[in-house]
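**Q** task: produce atomic coordinates for the following.
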Amino acid sequence: MSKEKILDAGQHLFAEKGFEGTSVRALAQAAGVNIAMISYYFGNKESLFEAIVERKTAYTRQRLEEVSHQTTASPVEKLDFVIDYYVDLILSNRKFHLMLYRELTLAQRKDFHDHILDILQKNWRELQGILLEGQDKKSFKQDIDTDMVIMTVFGVINQCSQTGILRKLIDKQDVADQEQEVRKRLKQYLKDLFHAYLLV
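**A** As a prediction, the model looks like this:
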């Protein structure tokens with residue numbers, strides 16, 4: 001379907017070239033459609049970008065909702081799942097996530113950025129819900145800063161997703177060979193960190 005081809009092509013090009021560096025003409029060429037087709041489905045480049053972010057976050061939101069509604073899992077187990085899930089998700093899609101957060105740091109396109117943040121906020125609320133449930137069940141401390149917990153998760157994972165920094169810090173030339181090691185260390189570190197901070 002042309003709409004899915006455009007979304008797939010957009011996700012790849014935006015990740016490789018950034019929002020500013022991706023033209024509508026290049027998007028059309030990569031998707032194998034004409035420019036009018038992009039306009040028909042999405043209207044403009046900003047709306048296409050928003051649709052890509054919504055598609056990616058909708059799947060994650062579904063997974064978070066499934067975890068949140070599990071009655072047999074403890075709050076700690078849910079937290080550990082979230083850490084494992086986001087480490088794998090972000091490190092498997094480094095370029096897209098780095099491009100997205102770079103774009104959101106720019107001063108221009110405020111309305112566009114507000115729309116993107118509105119989409120991301122839906123998942124943020126799901127994560128907060130898991131933390132609040134832990135407080136309600138007396139598994140987590142009552143004085144935790146849920147916003148800072150979530151910011152720390154994304155901040156640490158995003159830092160580790162920057163291959164150049166990672167290569168320098170772990171003193172390895174071939175980061176790909178160390179991928180599983182880095183993921184394992186990162187997951188364990190975040191779990192140790194938040195267990196110490198959150199657990200009663």
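
**Q** longest single helix anywhere in the chain?
**A** Criterion DSSP state H: the longest helix present in the chain is helix 110-136.

**Q** now that one: mean pLDDT?
**A** The average pLDDT for helix 110-136 rounds to 95.

**Q** that one: which residues count as buried?
**A** For helix 110-136, a neighbour-count test (16 or more other C-beta atoms under 10 Å) marks 112-113, 115-116, 119-120, 123-124, 126-127, 129-131, 133-135 as buried. Using the backbone N, CA and C atoms, a C-beta is placed for each residue, glycine as well.

**Q** domain map for this structure?
**A** Domain ranges of the chain: 1-43, 45-198, per automatic domain parsing.

**Q** so which helix or strand of this protein has the lowest pLDDT on average?
**A** helix 163-170 (a mean of 70; mean pLDDT, DSSP states H and E).

**Q** now do the contacts for Q135.
**A** Going by C-beta atoms under 8 Å, 6 or more residues apart in numbering, Q135 touches 141-142, 144.

**Q** out of these, which is most surrounded?
**A** I144 (16 neighbours; other C-beta atoms under 10 Å).

**Q** the nearest residue to that residue once chain neighbours are set aside: neighbouring residues, count only.
**A** Once flanking residues are discounted, I144 sits nearest to L198: 5.8 Å by C-beta to C-beta, 6 or more residues apart in numbering. Each residue near L198 was counted by other C-beta under 10 Å, and the total is 19.

**Q** I figured L198 hits D143, correct?
**A** No: contact criterion C-beta atoms under 8 Å: L198 and D143 do not qualify, at 10.5 Å.

**Q** still on that earlier bit, which residues does the residue nearest to I144 contact?
**A** Per C-beta under 8 Å, 6+ apart, neighbours of L198: 79, 131, 134, 139-141, 144, 149.

**Q** what do you get for D80?
**A** Contacts of D80 by C-beta under 8 Å, 6+ apart are K191.

**Q** my read is it is in a helix, agree?
**A** Yes: read with DSSP: H, G, I helix; E, B strand; the rest coil, D80 is one of the residues of a helix.

**Q** tell me the phi and psi of F140?
**A** With angles defined as degrees, to the nearest 10, F140 sits at phi -110, psi 150.

**Q** how about the one 10 residues further on?
**A** The phi and psi values for I150, taken as degrees, to the nearest 10, are phi -70, psi -40.

**Q** isn't it right up against R125?
**A** No: using C-beta under 8 Å, I150 is not in contact with R125, being 10.1 Å away.

**Q** counting neighbours, which bits of stretch 151-164 end up buried?
**A** Neighbour-count burial for stretch 151-164 [16+ other C-beta under 10 Å]: 153-154, 156-158, 160-161.

**Q** stretch 35-48 now?
**A** Buried residues in stretch 35-48, counted by 16+ other C-beta under 10 Å: 37-38, 41-42, 45-46, 48.

**Q** measure it end to end?
**A** This stretch, stretch 35-48, spans 12 Å end to end (C-alpha to C-alpha, to the nearest Å).

**Q** and what of stretch 87-103?
**A** For stretch 87-103, the first and last residues are 21 Å from each other (C-alpha to C-alpha).

**Q** thank you kindly, that will do.
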